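[1] let me see the structure of the following:
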Amino acid sequence: MLGLNNTNNILNYFKRLSFGGINYDIRIDVFNRTVTFTWADGSGNFKTQTVNYYTVSSGISFPRPS
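    Below is the predicted model of the structure:
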C-alpha cells in the first residue's frame, strides 16, 4: 500500500499505459481503492472507466467482471 500512496507523486505523463495500440491515462485513488482509465476511442471521443481494486501479495488485482 505504501507504494500505491507514492504514485500520486509521479507526474501525469508517467501514468500512461499503452496496450493494443491505445494509450490509457491512469489515475489511482488509494483512499477509495479505485483505478480510473481514460482513453480516446477510434473516433477521438474520450472514454473513462473506473474500477475497484484490491491488494494482493504481488501488488493489486481487479475483480473479474460478472
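[2] what about the helices in this protein?
    2-6 (DSSP state H).
[3] quick one: the strands in it?
    16-19, 22-29, 34-40, 46-52, 54-56, 59-61 (DSSP state E).
[4] want to throw the ones you listed into a markdown table with mean pLDDT and mean neighbour count?
    (Glycine included, C-beta is placed from N, CA and C.) Output for those, formatted as a markdown table (pLDDT from 0 to 100; neighbours: other CB atoms under 10 Å):
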| stretch | mean pLDDT | mean neighbour count |
| --- | --- | --- |
| strand 16-19 | 87 | 10 |
| strand 22-29 | 90 | 15 |
| strand 34-40 | 93 | 15 |
| strand 46-52 | 95 | 11 |
| strand 54-56 | 91 | 9 |
| strand 59-61 | 89 | 11 |
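[5] how about the residue with the largest distance to the centre of the chain, phi and psi?
    Largest separation from the mean C-alpha position in the chain: S43, at 21.8 Å (CA atoms, centre = their mean). For S43, the backbone dihedrals (degrees, to the nearest 10) come out as phi -90, psi 0.
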